[in-house]
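Asker: sequence first, predicted model second:
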Amino acid sequence: MKRVFMKGCEAIAEAAVRAGCRFFAGYPITPQNEIPEYFSRRLPEVGGVFIQGESEVASISMVYGAASAGTRSMTSSSSPGISLKSEGISYCAAARIPMVYANISRGGPGVGSIQPAQMDYMQATKASGNGGFKMMVLAPSTVQEAVDMTFAAFDYADRDRNPVLILCDGVIGTMMEPVVLPEMKSDEEVAAIKNSKKWAAIGHKVDYANRGWIQPGNWSTAIMQQGNEEAAVMYENWQKNDVQVEHYQVEDAELVMVAYGISARIAKTVVDKYRADGKKVGLIRPITVYPFPYKAIENLNYNQVKAILDVEMSIPAQMLEDVSLAVKGRCPIETCLCSGGNLMKKEQVMDAVAKLI
Amino acid sequence: MAVAEMIKSIAQAPEKEYYLPGHRTCAGCGPALAYRLIAKASGKNTIFIGPTGCMYVANTSYACGPWAVPWTHAQITNGGAVASGIEVAFKQLIKKGKIKDEFPNIIVMAGDGGAIDIGLQAASSMMYRGHDVLFLMYDNESYANTGIQVSPMTPYGATTMFTPSGPEIPEAKKFFPKDPMAIFCSGGHPEVKYGATASISYPVDLMNKVRKGLAVEGPAFLHVQCPCPKGWTYPADRTVELGKLAVETGMWFLYEIEDGVKKWNYMPKKLKPVEEYLQTQGRFSHLQPEHVAKMQAWVNQRTQLLGMEVPLPPAQ
């Protein structure tokens, strides 16, 4: 397997192209500019199209259009830009349009800071727009994972006819690591995927009676409710079938940290440090933050686990609420937090663990 | 500032600075020089609104800013809207006698993206509603603070991070830029009584246009060309020189429109070939003769469209 040294943002873009993404629309914002920059060079080489929108709203709406026509399409932004895109994301979810977008998140709220953060957890997992829709939200902890998740995200999106979000902190987006890239889908495969989308709006050459209508809502309340009921079943199925979680040194752990993305990598270092001293510390890492791995935390042995430590680059803590729902008061939950663009230091996590063991 | 007091020469320009040293813009930054001149001309009773852009990011890094007057950040989408809110608040407070202040000079310092791309809607609506605000567009012809991406003001043929030159599109950027003066000051926004183009290389003209824009009742628009060493790729000591060369080659024009009447503020005796301008900047270094000819044809057409009667270089 050939390994290449790539920046997270560029690796995400290349993985998307290899998954058959042939349309990208974006708008500049730090720290995700390398995604559109990469697409602007790469897409013309594979017969795809890159457009710089006049805004985030325009970019997501162009993706809405391209994906409506059956093309695998993507957009990306960073935190405040994702807020602008939220109208379009909700429209894609309502119209059941498959598309993939990446949030290379930075400090917030507001314009915040341009440094990495994990302050969009609630927005990503609970309300990325109006109307209570859900999406699969994948949170990479390495550049390799960002690649694999982006490649898989297009399959999830097409399977469910739903948006999929790659929730990637600015560290993963901007650092370089060796990666193995997935194999490029052939032009025939890409065309076959597009042609399989019988629902797509592709013109009048198709069966006129069954022509594609893309509707982000419906004036008929009965049809609207039916659509939401179907979506709700899909969300429940994700919880049964699509949860991904990593257990690290959890089996005999008396203190379990819960962390995702870059925080999980820092927490893992801390686990190793304490394990070297014979201290029973472990880590649960949600890989899908939606669907959240409630069971992994729920099923811990609370006769053995003395405390949970929620580690996130967000103040106030956000994932903490999901962790609490799973712990159900059976042991204390403490937090180790930083915010506003500051990167979590392993010493801070070491100190937080020391207080609990 | 009911009647604008005109500045006759650089020697007579106010000494007092309201945009101070200590900011973190690049060496040779055109927009920073513009800011300094604009703040000098508008004076103490000024409020700046800074939508996201270089003049927000580079000026406010590390929790400090260079303004000796009030300043507020606005979303890049909404410089015009935030200014509208400030303007109506002051008008009402003064009208109701709740404050004794003189109505301030309210200036939006928007980059090309914050003015004519993502910020266009709010800018247009502010002008449509007639708010007494000077909307100033400092144009460095790219999204520069995010690392030089293309904007609608990026010239045809320029490379940016989003418009690389390659086999598919050899000239890099294939579209010609928008014309903000045509959008804001050609009758489409009837409340706008004053609009002008300016350049950092003509400082007295720039400062006087700021004062004129502030003196008129209602909205005014200023489009200021600000060369950018990083985005245009040229040595930092040539910023002022390039601003002048832009005017001499027809890549920039200096005129104003007051109550619908156009007046030329500076007209070169004859235009130099545009190639002289293109040669100075790395962003155009990949251009082939046919692209240069296309650019010259565009400059000539634009010169005639704007009614500038000067001898033109041949367009092949």
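Answerer: Thanks, I have it.

Asker: start to end distance for stretch B:126-139?
Answerer: Distance across stretch B:126-139, first residue to last, is 19 Å (CA to CA, to the nearest Å).

Asker: please see if that stretch touches chain A.
Answerer: No - taking CB under 8 Å from any CB of the partner chain as the criterion, stretch B:126-139 and chain A are apart, separated by no less than 15.1 Å. For every residue, glycine as well, the C-beta is placed using N, CA and C.

Asker: which of the residues in that stretch are buried?
Answerer: Applying a neighbour-count criterion of 16 or more other CB atoms under 10 Å in any protein chain shown, the buried positions in stretch B:126-139 are B:126-127, B:129-139.

Asker: with stretch B:258-277 instead?
Answerer: In terms of neighbour count (16+ other CB under 10 Å), stretch B:258-277 has its buried residues at B:Asn265, B:Pro268, B:Leu271, B:Pro273, B:Val274, B:Glu275, B:Tyr277.

Asker: pull the contacting residues for the closest residue in space to the first one that isn't next to it in sequence.
Answerer: To tie it back to what came earlier, the one meant is B:Asn265. Once its chain neighbours are removed from consideration, B:Asn265 has its nearest residue in B:Leu254; the separation is 4.4 Å (CB to CB, 6 or more residues apart in numbering or on different chains). Contacts here follow CB atoms under 8 Å, 6 or more residues apart in numbering or on different chains; on that basis B:Leu254 touches B:Thr197, B:Ala198, B:Ser199, B:Tyr202, B:Asp205, B:Val247, B:Trp264, B:Asn265, B:Tyr266.

Asker: and with 10 Å instead?
Answerer: B:196-199, B:201-202, B:205-206, B:209, B:225, B:247, B:263-268 (CB atoms under 10 Å, 6 or more residues apart in numbering or on different chains).

Asker: can you give me the strands for chain A?
Answerer: Ranges of strands in chain A, per DSSP state E, are A:3-7, A:23-26, A:49-52, A:73-77, A:99-105, A:136-138, A:163-169, A:176-180, A:245-248, A:255-258, A:281-286, A:288-290, A:307-312, A:333-337.

Asker: sorry, that was for the stretch 1-150 of chain B
Answerer: Applying DSSP state E, counting those that start in this stretch to the stretch 1-150 of chain B gives strands spanning B:46-51, B:71-74, B:105-111, B:134-139.

Asker: can you list the strands that the longest one pairs with?
Answerer: In this case it means strand B:105-111. Applying DSSP bridges, strand B:105-111 is found paired with strand B:46-51 (parallel), strand B:134-139 (parallel).

Asker: just the contacts of B:Leu254: which are in strands?
Answerer: Residues of the contacts of B:Leu254 located in strands (DSSP E): B:Ala196, B:Thr197, B:Ala198, B:Ser199, B:Gln225, B:Lys263, B:Trp264, B:Asn265, B:Tyr266.

Asker: how about these, which pair is most distant?
Answerer: Within the ones in strands among the contacts of B:Leu254, two members stand farthest from each other by CB to CB: B:Gln225 and B:Lys263, at 18.1 Å.

Asker: ok, now which ones touch A:Glu312?
Answerer: The neighbourhood of A:Glu312, defined by CB under 10 Å, 6+ apart, consists of A:117-119, A:121, A:258-261, A:263-264, A:318-320, A:323, A:335-339, A:344.

Asker: one more time with 7 Å, if that's ok
Answerer: Contacts for A:Glu312 (CB atoms under 7 Å, 6 or more residues apart in numbering or on different chains) come out as A:Gln118, A:Ala259, A:Ser263, A:Gln318, A:Met319, A:Leu337.

Asker: list the buried residues in stretch A:259-275.
Answerer: A:259-268, A:270-271, A:274.

Asker: same thing with stretch A:298-314?
Answerer: In terms of neighbour count (16+ other CB under 10 Å), stretch A:298-314 has its buried residues at A:Leu300, A:Val305, A:Ala307, A:Ile308, A:Leu309, A:Asp310, A:Val311, A:Glu312, A:Met313, A:Ser314.

Asker: tell me the spatial nearest neighbour of the first one, not counting adjacent residues.
Answerer: Spelled out, that is A:Leu300. For A:Leu300, ignoring the flanking residues on the chain, the nearest one in space by CB to CB, 6+ apart is A:Val256 at 6.3 Å.

Asker: please report how far that neighbour lies from chain B.
Answerer: Distance check for A:Val256 against chain B: by CB to the nearest CB, to the nearest Å, it reads 37 Å.

Asker: next one: A:Glu230
Answerer: Using CB to the nearest CB, we find A:Glu230 at a distance of 35 Å from chain B.

Asker: tell me the phi and psi of B:His291?
Answerer: Torsion angles at B:His291 (phi, psi; degrees, to the nearest 10) stand at phi -70, psi -40.

Asker: tell me the residues of chain A that contact chain B?
Answerer: Those residues of chain A that sit near chain B, judged by CB under 7 Å from any CB of the partner chain, are A:28-30, A:33, A:36-37, A:40-41, A:44, A:52, A:54-55, A:111.

Asker: so which of the residues you listed belong to helices?
Answerer: Where the residues of chain A next to chain B overlap with helices, as defined by DSSP state H, the overlap consists of A:Pro36, A:Glu37, A:Ser40, A:Arg41.

Asker: mind pulling up the pLDDT for the closest residue to A:Gln249 other than its chain neighbours?
Answerer: In space, A:Gln249 comes closest to A:Gly282 once its chain neighbours are excluded; the distance is 4.2 Å by CB to CB, 6+ apart. Each residue has a pLDDT score; the one for A:Gly282 is 98.

Asker: what's A:Val46 in contact with, if anything?
Answerer: Taking CB under 7 Å, 6+ apart as the contact definition, A:Val46 lies against A:Val17, A:Arg22.

Asker: relative to A:Gln52, how far out is it?
Answerer: The spacing between A:Val46 and A:Gln52, counted by CB to CB, to the nearest Å, is 18 Å.

Asker: lowest-pLDDT helix or strand in chain B?
Answerer: Confidence across the helices and strands of chain B bottoms out at helix B:54-60, with a mean of 92, counting by mean pLDDT, DSSP states H and E.

Asker: chain center to that one, what's the gap?
Answerer: 16 Å (CA atoms, centre = their mean, to the nearest Å).

Asker: in it, which residues are buried?
Answerer: B:Cys54, B:Met55, B:Tyr56, B:Val57, B:Ala58, B:Asn59, B:Thr60.
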